[in-house]
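Participant: I'll drop the sequence and a predicted model, then ask my questions.
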Amino acid sequence: MKEQPLKYLETIEREDFQKDLISWFSREQRNLPWRRDRDPYKVWVSEIMLQQTRVDTVIPYFNRFLEKFPTLDALALAEEDEVLKAWEGLGYYSRVRNLQSAVKEVHEQYGGIVPDTPKEISSLKGVGPYTAGAILSIAYGKPEPAVDGNVMRVFSRILSIWLDIAKPSSRKVFEEAVRALISKENPSYFNQALMELGALICTPTSPSCLLCPVREHCRAFDEGVQEELPVKSKKKAARKLNMAAAVIFTEDDRVVIHKRPGTGLLANLWEFPNFEVSTSRSGRKQLEERLEADYKVDASLKAGVITKIQHVFSHIIWDIEVYAGSVESSALNETELIAVTEQELEKYAFPVSHQKIWKETKLIKN
DNA sequence: AAATCGTGGTT
DNA sequence: TAACCAAGATT
């Protein structure tokens, strides 16, 4: 016998639930820049930025991004380096490369109009099940589920669903719940209200049940188990990597940088030359060897470590020793390394770890 | 299914 | 402070 995760679904008074939820959202929703209109392009940009990212972090990025790329066509025609620069510091950079790729597709294949069918919109790069549902419901008023972490948390409590929400297979169960309960009159507010509720009231720890507009519909509150839900397995710890980075100046006081590969971690961002190193030997020696082996560049580095920087990713921790050095600018010809002025550095998108490297180097240099 | 892919804020 | 968390998608 299989446990029925949606055994309480039939007990929800659908019309009452919708009304309580939507009227609360109508009263209490935050005034956010992407809620000023329903422009599918703006909704799209906001949804991509908000993936795994807090509202307060996104707001200034969203405003700057829309200033720089006000329309879908403007983004489609922009240079990728400029787009990455606008994303600098937001993280998960493949989001914005996929976004621009998809926007180009809409520009060329759909006449610049974001498609409004699940099949077409889901085929766009970077648009998964959540984002497809969010755009379809918020921009086009279609009754499609948009199941994110908030929605899984809210419904795990309301319907007392004890599935592990960290498992990919769980999402479809929550989508089924949303399909059964979503308002056909206002799917946009219904979906947004679930997320707003998760963000403001039905929080991961210490949910404010006494302020909750749908408390009377909540099975977990009824049973006093709201703090036990949702069930979420933990992911394994990040692994540490020892790195060494070199801030290398040319005789005319330019700085040597390198563009990362187009796939993988921090794809297409710029960086100071750096390598994984062994702790058993001098980081300086290993750097010089790798600069020669990988880039055919004969640079000379100073002996001491300038500074140590730690940078934590989701799945990796970089411990970086930073060295300074110099090179003849003519030695960089025909290599993957380029030398730019300090002023020009500002135009290149760097990961935060390398922003730290430059900041610390400048502090010590001056 | 489990890893990969960033960063900053909170507990 | 280490762990956890935040409007996920891709491989």
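Facilitator: Alright, I've got the coordinates.

Participant: in chain A, what residue is nearest DNA strand C?
Facilitator: residue A:128 (2.4 Å; Cβ to the nearest atom of the strand). Heads up, the C-betas are built off the backbone N, CA and C, glycines and all.

Participant: For the helix or strand bottoming out on mean pLDDT in chain A, which helices and strands make contact with it?
Facilitator: Lowest mean confidence among the helices and strands of chain A (mean pLDDT, DSSP states H and E): helix A:352-365, at a mean of 93. In terms of contacts (3 or more Cβ pairs under 8 Å, 6 or more residues apart in numbering; DSSP states H and E), helix A:352-365 is packed against strand A:239-250, strand A:307-312, strand A:316-327.

Participant: Same list, those, but as JSON lines with mean pLDDT, mean neighbour count and distance to DNA strand B please.
Facilitator: Listed next are the helices and strands packed on helix A:352-365 as JSON lines, based on pLDDT from 0 to 100; neighbours: other Cβ atoms under 10 Å; distance: least, Cβ to the nearest atom of the strand, whole Å:
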{"stretch": "strand A:239-250", "mean pLDDT": "97", "mean neighbour count": "20", "distance to DNA strand B": "8"}
{"stretch": "strand A:307-312", "mean pLDDT": "95", "mean neighbour count": "14", "distance to DNA strand B": "5"}
{"stretch": "strand A:316-327", "mean pLDDT": "96", "mean neighbour count": "19", "distance to DNA strand B": "7"}
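
Participant: Mind jotting down where the helices sit in the stretch 151-300 of chain A?
Facilitator: A:171-181, A:187-200, A:219-223, A:283-295 (DSSP state H, counting those that start in this stretch).

Participant: Would you reformat those helices as a markdown table and include mean pLDDT, mean neighbour count and distance to DNA strand B?
Facilitator: Formatted as a markdown table, these follow (pLDDT from 0 to 100; neighbours: other Cβ under 10 Å; distance: least, Cβ to the nearest atom of the strand, whole Å):
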| stretch | mean pLDDT | mean neighbour count | distance to DNA strand B |
| --- | --- | --- | --- |
| helix A:171-181 | 98 | 18 | 9 |
| helix A:187-200 | 98 | 22 | 12 |
| helix A:219-223 | 97 | 17 | 19 |
| helix A:283-295 | 95 | 17 | 19 |
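
Participant: Please name whichever of these is nearest to residue A:234.
Facilitator: helix A:171-181 (18.2 Å; Cβ to Cβ).

Participant: Other residues contacting the closest one?
Facilitator: A:5-6, A:9, A:12, A:14, A:17-18, A:129, A:143, A:145-147, A:151-152, A:155-156, A:159, A:161, A:163, A:165, A:191, A:194 (Cβ atoms under 8 Å, 6 or more residues apart in numbering).

Participant: returning to what we had before: name the nearest residue to the residue of chain A closest to DNA strand C, sequence neighbours excluded.
Facilitator: Among residues not flanking residue A:128 along the chain, residue A:122 sits closest, at 7.6 Å (Cβ to Cβ, 6 or more residues apart in numbering).

Participant: What is the burial count for that neighbour?
Facilitator: 15 (other Cβ atoms under 10 Å).

Participant: what do you get for residue A:366?
Facilitator: 5.

Participant: Nearest to DNA strand B within chain A, name that residue for me.
Facilitator: For chain A, Cβ to the nearest atom of the strand, closest residue to DNA strand B: residue A:91, 2.7 Å.
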